[in-house]
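In: Quick one: sequence and predicted model below, then my questions.
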Amino acid sequence: MVVGIGENENFIASDVSAIIAHTKQVIYLEDGEIAIIKKMILSQNLVSMMT
């Protein structure tokens, strides 16, 4: 997953090519990571996988 950071907006996509026209600033999420996006706040967290 990719999170794009824009001015007063954020984007979520499975591939950077889907959002590159809107922003050049991206965060790539790795396995076990989540992004929490709220108005004007973006946090990235590692989540322990429960088996």
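Out: It's in.
In: Just give me the neighbour total for Leu29.
Out: 16 (other CB atoms under 10 Å). C-beta: built from backbone N, CA, C; applies to glycine.
In: Local confidence estimate at it?
Out: Note on Leu29: pLDDT of 89.
In: List the residues that contact it.
Out: 1-3, 35, 44 (CB atoms under 8 Å, 6 or more residues apart in numbering).
In: Filter those residues down to the buried ones.
Out: Neighbour-count burial (16 or more other CB atoms under 10 Å) applied to the contacts of Leu29 gives 2-3.
In: Including distance to Phe11 and secondary structure, could the contacts of Leu29 go into a markdown table?
Out: As requested, the contacts of Leu29 are exported to a markdown table (distance: CB to CB, whole Å; DSSP: H, G, I helix; E, B strand; the rest coil):
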| residue | distance to Phe11 | secondary structure |
| --- | --- | --- |
| Met1 | 11 | coil |
| Val2 | 8 | strand |
| Val3 | 7 | strand |
| Ala35 | 11 | strand |
| Gln44 | 14 | strand |
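In: Help me confirm that Ile36 is found in a helix?
Out: No: Ile36 is assigned strand when assessed by DSSP: H, G, I helix; E, B strand; the rest coil, not a helix.
In: Next, work out how far apart it and Ser17 are.
Out: Distance, Ile36 to Ser17, using CB to CB, to the nearest Å: 24 Å.
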